[in-house]
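1. Here is a sequence together with a model predicted from it:
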Amino acid sequence: MTTAIGSEATAEEDEVEAGSLAAWIARFGGKTLVYALLILWTVIALFPIYWTLSTSMKLGRDVTQGHLIPWVDFSPAWKGWQSLGLSPDTIFATSNVREEFLKKFVNSVICSFGAAAVAVVLGSLAAYGLSRFEYKFGPWRNRDILFFFISQLILPPVVLALPFLVLYKALALLDTRVGLILVYTLMVLPIVIWVMRDQFDTIPQEMEQAALVDGCSIWGAFVRIVLPMAAPGMVAAFILSLVLCWNEYFFASLLTGFDAQTLPVMVASQTGSQGINWWTIAALATAAITPLLLIGIFLERYIVMGLTAGAGK
């Protein structure tokens, strides 16, 4: 009898151990699959950047043959960077191409940062109004007004080509940085309003009411209470606007000639008598995306906080 009971207990222990082992294998297998998928997605996401950087250091034959691994498939060279005057052997020499690149780079910085800053200021004010006050324009309410702003993103930019050309010619804004800043602001303003409206909705109105009771005006409560709490959303909206403005090509090529041209226009113009200079385009693209990569790396926390605002409501 005792032997039978002991055998049953041993069998139960073996079943428990087998179940624990199976559960551990399932958890380990699940984690392994998740990490494998994440690694695969990381490789897919980063491969275009690697391809662009490696192409900027290839010769023509290496580009056409699709060599991938440096020092294995091809020997790295500075051909793409030499064509821009940015290679180690030409960086201190006089280069007209480098001066042109720096001019386009400065134009991109001024127009993108300027438009993003103006859009965040105007969009934050509009979003705060839509979040805190009830408007009525005929049959329109707040939701209809917000949808009107978002619907502007549906309109193809080519539809606005002729009106902008006529308007900018009359206002002497063609080939000017101010003209690009204005059109970029209009382009990204709906996105800023959308992001910031959700951000303001997450801030309790009781905090502003308490500030009003303490003697603050509406503007005082907005500046002292709301804006500091909405800072992550403003940073996220600013970065989104900056990226869209930095990469914009259509209006930059349409409304500029030489003085206000930006980097995307310069990248698209890299064709020669022998065809497309892929190494030069790759070097230009690498130089163009580097600032955005650095911004994304250092401000990732604010981007995530701003874009996920209101997700738990």
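-> Done, it's in. Residues are numbered from 1 along each chain as shown.

2. C-alpha only now, for contacts and for neighbours.
-> Fine.

3. So Arg177 sits against Ala260, correct?
-> Yes: assessed by C-alpha atoms under 8 Å, Arg177 is found in contact with Ala260 at 5.5 Å.

4. list the residues that contact both of those two?
-> Shared contacts of Arg177 and Ala260 (C-alpha atoms under 8 Å, 6 or more residues apart in numbering): Asn107.

5. Would you verify that Phe258 is located in a helix?
-> No: secondary structure assignment (DSSP: H, G, I helix; E, B strand; the rest coil) places Phe258 in coil, not in a helix.

6. who touches it in this structure?
-> Asp175.

7. and if we set it to 10 Å?
-> Contact analysis of Phe258 by C-alpha atoms under 10 Å, 6 or more residues apart in numbering lists Glu100, Lys103, Lys104, Asp175, Thr176, Val265.

8. how much space between it and Pro264?
-> Here Phe258 is placed at a distance of 13 Å from Pro264 (C-alpha to C-alpha, to the nearest Å).

9. go on, Leu84?
-> 15 Å.

10. How about Ala93?
-> 25 Å.

11. what's the answer for Trp78, then?
-> 22 Å.

12. Neighbour count: the two, which is higher?
-> Pro264 (21 against 17; other C-alpha atoms under 10 Å).

13. Isn't that one up against Ala287?
-> No: applying C-alpha atoms under 10 Å as the test, Pro264 and Ala287 come out as separate, 11.3 Å apart.

14. So for the two, which residues contact both of them?
-> Phe105.

15. isn't Asp198 right up against Gly233?
-> Yes: using C-alpha under 10 Å, Asp198 is in contact with Gly233, at 8.7 Å.

16. The two: which is more packed in?
-> Gly233 (28 against 21).

17. Mind telling me what element that one is part of?
-> For Gly233, the element it lies in under DSSP states H and E is helix 231-247.

18. Give me the distance from that helix to the chain's centre.
-> Distance of helix 231-247 from the chain centroid (C-alpha atoms, centre = their mean, to the nearest Å) equals 7 Å.

19. same thing with stretch 129-139?
-> Using C-alpha atoms, centre = their mean, the offset of stretch 129-139 from its chain centre is 30 Å.

20. do stretch 254-263 as well
-> So, by C-alpha atoms, centre = their mean, the centroid of stretch 254-263 is 22 Å from its chain's centroid.

21. Show me what counts as buried in it.
-> Leu254, Leu255, Thr256, Ala260, Gln261, Thr262, Leu263 (16 or more other C-alpha atoms under 10 Å).

22. With secondary structure, distance to Leu40 and pLDDT added, can I get these in a markdown table?
-> Output for the buried residues of stretch 254-263, formatted as a markdown table (DSSP: H, G, I helix; E, B strand; the rest coil; distance: C-alpha to C-alpha, whole Å; pLDDT from 0 to 100):
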| residue | secondary structure | distance to Leu40 | pLDDT |
| --- | --- | --- | --- |
| Leu254 | helix | 39 | 91 |
| Leu255 | coil | 41 | 91 |
| Thr256 | coil | 41 | 90 |
| Ala260 | coil | 41 | 90 |
| Gln261 | coil | 38 | 91 |
| Thr262 | coil | 34 | 92 |
| Leu263 | helix | 31 | 90 |
